[in-house]
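Asker: Task: produce atomic coordinates for the following.
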Amino acid sequence: MRNPKSRSLQNPLRIMMLSFLTLPLLTLGLALSPSSIAAPGNGKATPQAISKPDGLQLEQKTFPQGTLYSLKIPAKSGYKVIPSLSKTLASVDSQLWKIPGTPDKPLFLINGGFFDPNNSLTTSFVFEGGVLSGDPRINPQLVNNPKLVPYLPKIFNRTEFRVYLCQKNGGQFQTQYDIVSHNTPIPGQCLLQQSLGAGPLLLPGLGDKTEGFVDYNAAGKLTRDPIGVCSRNARSAVGLTAAGDVILMMGAQSPAKPNNSGFTLADIAGLMKARGAVKAMALDGGSSSSLFFNGKTILGKVNKDGNFVKRPVKSVLMAVPR
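Answerer: Now for the predicted structure:
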């Protein structure tokens, strides 16, 4: 059942097996008032939790530099986390984002991987339903950029969030998650269902240099840092606990401090670890950082006037019924 190292060519038999084994998605009725979610930047440093009957909680905690939102999806909950890639750019509250096979919008979405806003093409790998749906290797503005050519091997092997269907003892199949580099082989007895690339790796250690996000000259001076690794900004991330729970997190800037607020990648890594994550990776950040929860849109980036910025994105991670 091992997938080939390159996923650009797919075995039709494997796709048939995947379609047969994947459980149908169910639409659940969810009763929660969107008005119960506080706006970013409001309140003091007091954690709040919005509970649901099935145990899901959207945590909101305000710090001096911004507001943190996090949602833990237990491994044994009625939800699973999957990526989705749009043909066009779309904000997280767009009606284009649907639960696969239904007309319904997911309970929760958070912005996903990197993309080029000039040509609307992904610069991160995306794998959906057994098919490679997003391939940065065919983005001309990425592969033909002379400044990026030396970094392409690292860019094409950045960290990704994976969703497997794995056969366990007794022949049972179950969903299993992992956060690994793109070239990592698929485990035996597992099928790759979905994956979303982004990065860098946050836990167990920061992978900013190995993934081509930062570089230094011979004197040790920083010469490349397109995402401002050590700067405060709006940030999004996904993490995994040892028990297989998924943590989806977004750190928003403070409107009162538009020029000096938000979170560094080290901040987000620490906050992930404090919530039990043993593996974590950053998603696209800055103006892309945004989430949608049960009808409520929460934005992460503010402009110089302290107003939140709404930006369309290319891909998302979303919580959908199993």
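
Asker: Every contact and neighbour count from this point should use C-alpha atoms.
Answerer: Noted.

Asker: didn't residue 297 look like it was pressed against residue 290?
Answerer: Yes. Counting by CA atoms under 8 Å, residue 290 is a contact partner of residue 297 at 7.5 Å.

Asker: which one of these two has more residues nearby?
Answerer: Set residue 297 next to residue 290 and count neighbours by other CA atoms under 10 Å: residue 290 wins out with 33 against 19.

Asker: All the helices of this structure, in order from the start?
Answerer: 12-21, 140-143, 152-155, 265-274 (DSSP state H).

Asker: Longest strand in this protein, please.
Answerer: Longest strand in the chain by number of residues, with DSSP state E as the criterion: strand 79-90.

Asker: May I have that one as CSV, with CA atoms only?
Answerer: Taking Å, rounded to 0.1, in the frame of the first residue of the first chain, the C-alpha atoms of strand 79-90 are listed here in CSV:
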residue,chain,number,x,y,z
TYR,A,79,-14.6,15.6,13.1
LYS,A,80,-11.5,15.2,11.0
VAL,A,81,-9.2,17.9,9.5
ILE,A,82,-8.6,18.0,5.8
PRO,A,83,-7.2,20.6,3.3
SER,A,84,-9.0,22.2,0.4
LEU,A,85,-7.7,24.0,-2.6
SER,A,86,-9.7,26.6,-4.5
LYS,A,87,-9.5,27.2,-8.3
THR,A,88,-9.6,30.9,-7.5
LEU,A,89,-8.6,32.9,-4.5
ALA,A,90,-11.3,33.1,-1.8
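
Asker: Identify all contacting residues around that strand.
Answerer: Residues from elsewhere that reach strand 79-90 (CA atoms under 8 Å, 6 or more residues apart in numbering): 73, 96-97, 112, 120, 126-128, 133-134, 163, 194-196, 246, 311-322.

Asker: let's go with 6 Å and repeat that
Answerer: For strand 79-90, contacts defined as CA atoms under 6 Å, 6 or more residues apart in numbering pick out 312-322.

Asker: of those, buried ones?
Answerer: 312-321 (16 or more other CA atoms under 10 Å).

Asker: Switch these over to CSV; also include pLDDT and distance to residue 145.
Answerer: What follows is the buried ones among the contacts of strand 79-90, written out as CSV (pLDDT from 0 to 100; distance: CA to CA, whole Å):
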residue, pLDDT, distance to residue 145
312, 98, 23
313, 98, 22
314, 98, 20
315, 98, 22
316, 98, 26
317, 98, 28
318, 97, 32
319, 95, 35
320, 94, 37
321, 92, 41
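
Asker: May I see the residues you listed organised as CSV, with distance to residue 78 added?
Answerer: Shown next, in CSV, are the buried ones among the contacts of strand 79-90 (distance: CA to CA, whole Å):
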residue, distance to residue 78
312, 29
313, 27
314, 26
315, 23
316, 20
317, 16
318, 13
319, 10
320, 8
321, 6
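
Asker: Tell me the one among these nearest to residue 171.
Answerer: residue 321 (23.0 Å; CA to CA).

Asker: which non-adjacent residue is nearest that closest one?
Answerer: Nearest residue to residue 321 in three dimensions, chain neighbours excluded: residue 79, at 4.4 Å (CA to CA, 6 or more residues apart in numbering).

Asker: before we move on, back to that, buried residues, the longest strand of the chain. List them.
Answerer: For strand 79-90, by 16+ other CA under 10 Å, it's 79-86, 89-90.

Asker: which sections of the protein are below the confidence cut-off?
Answerer: Applying pLDDT under 70 to the chain flags residues 1-55.

Asker: List the contacts of the residue nearest the centre of it.
Answerer: Nearest residue to the geometric centre of the chain (CA atoms, centre = their mean): residue 112, 4.2 Å. Residue 112 makes contact with 283, 315-317 under the criterion CA under 6 Å, 6+ apart.

Asker: how about 7 Å then?
Answerer: The contact partners of residue 112, taken as CA atoms under 7 Å, 6 or more residues apart in numbering, are 283-284, 315-317.

Asker: Check which strands are paired with the longest strand of the chain and give the direction for each one.
Answerer: According to DSSP bridges, strand 79-90 forms sheet pairs with strand 313-321 (antiparallel).

Asker: who's in contact with the partner strand?
Answerer: Against strand 313-321 from outside (CA under 7 Å, 6+ apart): 25-27, 78-86, 88-91, 99, 106-113, 115, 122, 288.
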